[in-house]
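Student: need a 3D model of the following:
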Amino acid sequence: MLTDAKCRNSTCPDDLKRRRLTDGEGLYLEVAPAGAKRWFWKFYPAGKESRLALGSYPAVSLKDARKARDKARDTLKAGTNPVQRRKADKATQAAHSATTFEGVARELHGTKSGTAGGWSGIHASAWLRACELHLFPYVGSLPLADVSAPVLLTALRRVEARGTIRTAHDLREFAGQVFRFGVATGRCNGNPAADLRGALKPYVERNMAAVLDPAKAGELLRAIEGYTGHPVTRAALMLSALVFQRPGNLRAMEWAEIDVDAALWVIPAAKMKRTVAGKVNGRPHMVPLSRQARSSLAELRKLTGHGRFVFPSLLTGERCMSENTVRASLRRMGFSNDDMTPHGFRAMARTLIAERLPGVELNVIEAQLAHAKSGPLGSAYDRAEYMAQRATMMQAWADYLDQLRVGAQVIGLKAA
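Tutor: From the prediction side, this is the model:
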């Protein structure tokens, strides 16, 4: 008979594949040379040796292993092979899981993740994480057809009660996707999430803070010019204003993406905010570089040109700059989260170009912002990129920023 001390202290010599420590009535502990220990029960159905795995030690204690052996022995005495019973139980459990809310949700997630026309990796990860945190613990084990509108609302109101109103609305939408998939695959007959429209507290979308007044923009630019922090961070701030691309794209800018001769920053399609198909098959996004942007990049090359990233992490050059670096620098300059955000440079450019630069068409601005064309067939048939107009606009924008920074119109003087 085994003891807990013997189970705990037993090892297997290196010259053996495994060591078996018998307990009684067919129960034994198998010890591997690497130290792993597993419980087995050996029995003889129809006179032929068989064995049933009972779990690993110490997760399954000696006492629990004996109970599992006795239960399996009773199953055998009742005329059922315990190995076959376990297989049947697993099949039944799998069939049940395939009809639960969690099972259907995970199946939907699998069909949408990493497929052409499906969800992006970031969205798929966020979608599943939200469900795991807020839906699966409360409705995940229920058959999909049994999740009624009141049951789902109870789960959503747990989230709402914490003040995360937007998350509650997102979860209602996610649940609706699961129910629609369930209807399509015959595992439920309706979408109770749709019946909850208006049942949650309304969420008011708040735009990211941005400087939209020319005078205030001039203050911001002068603050950037006088920034006393790291010069790479200062350059990131200035280029945020000059190129007004998404903060994630700016942080991940690589020197290999800069075409000096063409005065272009070529952002690969895989880095853009697009569908999976758009990332795989789409065209790169071209960003014309103004004279001021090229000058800033030339200075930056002296500091970071030896590495991969234009804006490497201040801790290690193996990664790009942290997403919080530009935000923290804005705070240091006195611009709160209600005044300006890294994403706000896009809104600042979109507003001031439209209002202050004459002759610039909105289509040109939208193309530079890499906004998707409107309409179901917009991107399919309208493939204009307006490159010449965008290059002219980007230089005019940089010149306008210079005017705002010095507080007066800048007039270029030719050398005598």
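
Student: which residues of the chain score low on pLDDT?
Tutor: Where the chain drops to pLDDT under 70, the residues are 91-97, 114-117, 205-207, 317, 372-384, 408-416.

Student: how far away is the residue nearest the centre of it from Phe244?
Tutor: Residue closest to the average C-alpha location in the chain (Cα atoms, centre = their mean): Ile122, at 2.8 Å. For Ile122, the distance to Phe244 equals 21 Å [Cβ to Cβ, to the nearest Å]. For every residue, glycine as well, the C-beta is placed using N, CA and C.

Student: strands of the protein, residue ranges please.
Tutor: Remark: strands assigned in the chain by DSSP state E are 19-24, 27-31, 37-43, 50-57, 258-259, 264-267, 285-288.

Student: can I get those strands in a markdown table with mean neighbour count and distance to Lys216?
Tutor: What follows is the strands of the chain, written out as a markdown table (neighbours: other Cβ atoms under 10 Å; distance: least, Cβ to Cβ, whole Å):
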| stretch | mean neighbour count | distance to Lys216 |
| --- | --- | --- |
| strand 19-24 | 14 | 76 |
| strand 27-31 | 22 | 72 |
| strand 37-43 | 20 | 68 |
| strand 50-57 | 17 | 64 |
| strand 258-259 | 16 | 31 |
| strand 264-267 | 20 | 27 |
| strand 285-288 | 22 | 25 |
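
Student: can you add distance to Asn249 and give those back as TSV?
Tutor: What follows is the strands of the chain, written out as TSV (distance: least, Cβ to Cβ, whole Å):
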stretch	distance to Asn249
strand 19-24	58
strand 27-31	54
strand 37-43	50
strand 50-57	47
strand 258-259	13
strand 264-267	6
strand 285-288	8
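
Student: what's the closest of those to His169?
Tutor: Comparing the strands of the chain against His169 with Cβ to Cβ, the closest turns out to be strand 285-288 (30.4 Å).

Student: what pairs with that closest one, parallel or antiparallel?
Tutor: strand 264-267 (antiparallel) (DSSP bridges).

Student: give me the contacts around the partner strand.
Tutor: Contact with strand 264-267 is made by 243, 245, 249, 253, 257-259, 284-289, as judged by Cβ atoms under 8 Å, 6 or more residues apart in numbering.

Student: one more: stretch 103-110?
Tutor: 96-98, 124, 127-128, 131, 135-136, 140, 144, 174, 177-178, 181-182, 185, 187.

Student: run a quick neighbour tally on Arg327.
Tutor: 16 (other Cβ atoms under 10 Å).

Student: do Pro33 as well
Tutor: Neighbours around Pro33, by other Cβ under 10 Å: 14.

Student: show me the contacts for the closest residue to it other than its chain neighbours.
Tutor: Distances taken as Cβ to Cβ, 6 or more residues apart in numbering put Cys12 closest to Pro33, at 4.8 Å, once the chain neighbours are dropped. Residues near Cys12 by Cβ under 8 Å, 6+ apart: 18-19, 31-33, 35.
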